[in-house]
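Novice: sequence and predicted structure below; questions after.
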Amino acid sequence: MNTPEQKRRLFEVVGENPQAHLSPYCWRSRMALAHKRLKFTSEPWHITEKQRITRSGGITAPVFVDGETWVRDSWQIACFLEQTYPDYPLFDGAVAKALFVNKWADNTLHPLIFRAVIAEQFPLTARCDKTYYEERTLRKFKQSVEEIGADPEHARQAVVQALGPLEDTLAEVSFLGGGTPDYADFILFGTFQWVRVVSRRPFWSSDSALHRWFESLLDAFEGMGRSQPPRSEL
Ligand SMILES: N[C@@H](CCC(=O)N[C@@H](CS)C(=O)NCC(=O)O)C(=O)O
């Protein structure tokens, strides 16, 4: 009989230092599992280790394994968890809100943040993944890692501007979930935990609502997020 930890596994991207959990998407799933009080084993994964996740049917992490079931994609994992383990709801009826936040993060925020942090992030990339990462970046952005990383200031300004409505919202509510966090909060926590892991420069000041919100999510689940070393310690 497998223990819950053996039955449930989460493939998560790590850098050259296995303590560097640098994927925003994997953090979403990690927070969702913690919210549901589900124990799991972390499977550190390099982005070139495609053969290890063949059964997921795809080539990206996070991949969640629950017994014989393999689920890939952080959104699909959240929906699977919600359906399979209804206690401690992730959406509480607000699936559309979370879906919007998911798409906003993936399609608007992440490309901007990528430009702002890539120069600091690339040195953390696992040695075995570097060439693949460079080729993928060139294919996707039509620019090399060096070219993109050359102008972080311009990208930083764009990120700060994009975050304006989020800052204004969090000045009025504790969490996007209201009084307590829900999956919409975990999506964006993943984004800013990625920033914390790869960059020495946050996008907000310490008196901002975003700072207050992020700090309380770092402390959630017995400080699971805070136990991740930040860039300065990796
Ligand atoms: N939509 C996916 C995106 C996942 C994703 O892009 N993961 C990256 C790591 S941050 C990855 O595994 N990349 C491998 C590759 O592009 O080959 C999700 O939400 O899970």
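Specialist: Now that the structure is in, tell me what you want to look at. Numbering: from 1, shown residues only.
Novice: show me which residues of this structure are close to the ligand?
Specialist: 13, 23, 25, 47, 59, 60, 61, 62, 73, 74, 75, 136 (C-beta under 6 Å from any ligand atom). The way it works is simple: take the backbone N, C-alpha and C, and place the C-beta from them, glycine included.
Novice: dump the residue contacts of the third one.
Specialist: By that I understand residue 25. By C-beta atoms under 8 Å, 6 or more residues apart in numbering, the residues touching residue 25 are 60, 61, 62, 73, 74, 190.
Novice: ok, now which ones touch the first one?
Specialist: By C-beta under 8 Å, 6+ apart, the contact set of residue 60 is 25, 47, 72, 73.
Novice: the same query, at a cut-off of 7 Å, please.
Specialist: residue 72 (C-beta atoms under 7 Å, 6 or more residues apart in numbering).
Novice: what's opposite residue 65 in the beta bridge?
Specialist: Beta-bridge partners recorded for residue 65 (DSSP bridges): residue 9, residue 70.
Novice: number of nearby residues for it?
Specialist: 20 (other C-beta atoms under 10 Å).
Novice: quick check, it in contact with residue 12.
Specialist: No: contact criterion C-beta atoms under 7 Å: residue 65 and residue 12 do not qualify, at 12.0 Å.
Novice: Throw the residues of the chain next to the ligand into JSON lines and include pLDDT and secondary structure, thanks.
Specialist: As requested, the residues of the chain next to the ligand are exported to JSON lines (pLDDT from 0 to 100; DSSP: H, G, I helix; E, B strand; the rest coil):
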{"residue": "13", "pLDDT": "97", "secondary structure": "strand"}
{"residue": "23", "pLDDT": "97", "secondary structure": "coil"}
{"residue": "25", "pLDDT": "98", "secondary structure": "helix"}
{"residue": "47", "pLDDT": "96", "secondary structure": "coil"}
{"residue": "59", "pLDDT": "96", "secondary structure": "coil"}
{"residue": "60", "pLDDT": "96", "secondary structure": "coil"}
{"residue": "61", "pLDDT": "97", "secondary structure": "coil"}
{"residue": "62", "pLDDT": "98", "secondary structure": "coil"}
{"residue": "73", "pLDDT": "98", "secondary structure": "coil"}
{"residue": "74", "pLDDT": "98", "secondary structure": "helix"}
{"residue": "75", "pLDDT": "98", "secondary structure": "helix"}
{"residue": "136", "pLDDT": "94", "secondary structure": "helix"}
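Novice: any idea which of those residues is closest to residue 197?
Specialist: residue 23 (9.0 Å; C-beta to C-beta).
Novice: how many neighbours does the closest one have?
Specialist: Residue 23 sits with 25 neighbouring residues when counted by other C-beta under 10 Å.
Novice: try residue 221
Specialist: Residues lying near residue 221 (other C-beta under 10 Å) number 16.
Novice: which SS class is it?
Specialist: What DSSP: H, G, I helix; E, B strand; the rest coil gives for residue 221 is helix.
Novice: name the nearest residue to it, ignoring sequence neighbours.
Specialist: residue 34 (4.0 Å; C-beta to C-beta, 6 or more residues apart in numbering).
Novice: so which helix or strand takes in the one you found?
Specialist: In this structure, residue 34 is located in helix 24-35 according to DSSP states H and E.
Novice: right, and the helix or strand after that helix?
Specialist: Counting by DSSP H and E, what follows helix 24-35 is strand 41-45.
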